[in-house]
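Student: Quick one, fold the following:
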Amino acid sequence: MSSLALALRAATTDAHRRLERDLDLLAPPLSQQRFTALLMRFWGFHAVWEPTLLKQPGLRGLMADRVRLGLIETDLRALGLGHANIQALPLCAGAADLAASTEQGLGSLYVLEGSTMGGRLISRALAQAAWLPAYGLRYFDPYGRGTGVMWRQFQAVLNAAASPEADRLALTAAVNTFDVLHQWLLEDR
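Tutor: Numbering: from 1, shown residues only. The predicted structure is shown next:
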């Protein structure tokens, strides 16, 4: 793991644990209603956040294989939502401020790329749910068996971008991303 990746992990450990604890995604029941509501909130986050990342020239290539908004929409459709319903979902305005620079975008992306590791566990837990679409919920496991490779590639990008100023911006953005996600995902609870 690069020194920036290690610093990001250290800086976000408490925020990560808090979000994981408060979402408690593996707590029974693993209901369709609960996961549909969660995916609706993730859609509202990604619909704002991904275009912001794609505005950063230094992130466009990196994001080519990491855009997940379409996966969320496919999952929501499989769970019964129509296109018009999805497009009318509320948007997370706070997500727009998480990637004002390439460095901030990398810090924010660290949070969502890291979530793919835990997403594999969520996908395995959901595999037995009778309501699960035949192909699963792709948002939680977007890379499948390639998750480890994608994570290592991302760490290499972090390592290449590391500098005192880049590290400062990335660390702040990662913590802010956890804060925005916590507030957004748990707002209706």
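
Student: and the residue nearest to the spatial centre of the chain, what helix or strand is that in?
Tutor: The chain has Leu112 as the residue nearest its centroid, 3.1 Å off, counting by Cα atoms, centre = their mean. With secondary structure defined by DSSP states H and E, Leu112 is part of helix 102-126.

Student: Which is the succeeding secondary structure element to that helix?
Tutor: As the chain continues past helix 102-126, the following element, by DSSP H and E, is helix 147-161.

Student: can you list contacts of that following helix?
Tutor: The contact list for helix 147-161 (Cβ atoms under 8 Å, 6 or more residues apart in numbering) reads 1-5, 8, 62, 65-66, 102-103, 106, 109-110, 113-114, 116-117, 120, 141, 143, 170. From N, CA and C alone the C-beta is placed, and that goes for glycine too.

Student: Would you check how far apart Leu132 and Leu6 are?
Tutor: Distance, Leu132 to Leu6, by Cβ to Cβ, to the nearest Å: 36 Å.

Student: cool, and Ser101?
Tutor: 21 Å.

Student: what residue ranges in the chain are flagged as low confidence?
Tutor: Residue ranges of the chain with pLDDT under 70: 1-2, 188-189.

Student: Number of residues surrounding Gly136?
Tutor: 18 (other Cβ atoms under 10 Å).

Student: Would you confirm that it contacts Gln128?
Tutor: No - look at Gly136 against Gln128 with Cβ atoms under 8 Å: they stay out of range, at 11.3 Å.

Student: re the thing from before, Ser101 and Leu6: who's more crowded?
Tutor: Ser101 (16 against 12).

Student: and that one, how far is that from Arg66?
Tutor: Distance from Ser101 to Arg66, by Cβ to Cβ: 18 Å.

Student: likewise Asp22?
Tutor: Asp22 is 25 Å from Arg66, by Cβ to Cβ.

Student: Please compare these two by neighbour count and tell me which comes out ahead.
Tutor: Arg66 (18 against 11).
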